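Engineer: no sequence on this one, just coordinates:
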């Protein structure tokens, strides 16, 4: 199981539950102490949701690229853009992260992580996360767009939106949703007068989940082909022609969860609760090289297992 996934989707679920908490909901439209507190809480929650997404993309990238060490494709066979990410951008990213640390923590952090960048030239190569969003304090649209491209997935935002559609969460323009989410995050963090409406907050938290889940699936699918192929050219052919495959766990009204076969064809098994469903379906999903997505009663994706 992925620690990054477990933390991200559980926290997203908690954030969603907070939206119905009375402390976050305005009482009428007239100014009041309660409404001021609710506005502050909503602003804080959207900032936290954006930070959660950033952490997830970085931590999940670190987990996913670890398997590249077992690939038959040597580091030297990858294109310059890929190698630049794990060297030049990695050095820039590590230096950028150091800027945001307390003076007393910088030396320890540097000593712990500099060697991880150097191991890219070991045999087998060891890959790192530091090239992701190497500049600035927050991720940008280009960072999200270019991450799948690094592993051979072209047209990043289009592909992420396609994945969302494939798992039952269509968006008209996921990239625009992300930009709106980022603007709300910046306003919540820097503008004391910002007021994020409850409906907008729900949209932003949903955007965090969808960007996270679609990025994870796109990257994981591409890395799987990079590990299974003997040459980089062959891997690129597989990535361009093979869409991700899915299995689904769907919540039922009685609290049980149903496991569906590939393509929602039929129910494979019914489990008494979510934890049992995750454990039971995960093994079959790995054997079939599918992505296991859990959906709630409204058929919204809520968890990538």
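Structural biologist: Sure thing, it's come through. Keep in mind it's a predicted model, so treat the numbers as computed, not measured.

Engineer: and residue 107, how many neighbours does it have?
Structural biologist: Residue 107 has 11 neighbours, counted by other CB atoms under 10 Å. Where C-beta positions appear, they are placed from N, C-alpha and C, glycine not excepted.

Engineer: any buried residues in the helix or strand that contains it, and which?
Structural biologist: Secondary structure assignment for residue 107, by DSSP states H and E: helix 103-118. Residues of helix 103-118 classed as buried: 113, 116, 117 (neighbour count, 16 or more other CB atoms under 10 Å).

Engineer: repeat for stretch 262-279
Structural biologist: So stretch 262-279, judged by 16+ other CB under 10 Å, has buried residues 271, 274, 277, 278.

Engineer: ok, now stretch 279-287?
Structural biologist: For stretch 279-287, the neighbour count (16+ other CB under 10 Å) marks 280, 281, 284, 285 as buried.

Engineer: roughly how far apart are the second one and residue 218?
Structural biologist: It refers to residue 281. 21 Å (CB to CB, to the nearest Å).

Engineer: cool, and the last one?
Structural biologist: The spacing between residue 285 and residue 218, counted by CB to CB, is 17 Å.

Engineer: do residue 80 as well
Structural biologist: Taking CB to CB, one finds residue 80 at 21 Å from residue 218.

Engineer: which one's more surrounded, those two?
Structural biologist: residue 218 (23 against 8).

Engineer: mind listing what the residue nearest to that one when sequence neighbours are not counted touches?
Structural biologist: Spatial nearest neighbour of residue 218, chain neighbours left out: residue 148 (4.2 Å); criterion: CB to CB, 6 or more residues apart in numbering. In this structure, residue 148 makes contact with 156, 159, 160, 215, 218, 219, 222, judged by CB atoms under 8 Å, 6 or more residues apart in numbering.

Engineer: work out for me the element residue 148 sits within.
Structural biologist: For residue 148, the host element (DSSP H and E) is helix 141-150.

Engineer: tell me the angle of the following helix or strand past that helix relative to helix 141-150?
Structural biologist: Tracing the chain C-terminally past helix 141-150 and defining elements by DSSP H and E, one meets helix 156-166 next. Put simply, helix 156-166 runs at 80 degrees to helix 141-150, going by axes from the mean of the first three to the mean of the last three CA atoms, to 10 degrees.

Engineer: buried residues in helix 156-166?
Structural biologist: Buried residues in helix 156-166, defined by neighbour count with 16+ other CB under 10 Å: 156, 157, 159, 160, 161, 162, 163, 164, 166.

Engineer: which residues touch the next helix or strand after it?
Structural biologist: Downstream of helix 156-166, the first helix or strand assigned by DSSP H and E is helix 174-190. With CB under 8 Å, 6+ apart as the test, helix 174-190 has contacts from 42-44, 46-47, 49-50, 138, 140-141, 144-145, 157, 160-161, 164, 171, 194, 196, 200, 203-204, 207-208, 210-211, 214.

Engineer: one more: stretch 209-216?
Structural biologist: Here stretch 209-216 makes contact (CB under 8 Å, 6+ apart) with 5, 8-9, 12, 53, 56-57, 60, 64, 144, 147-148, 159-161, 163-164, 167, 169, 171, 174, 177-178, 293, 301-302, 304.
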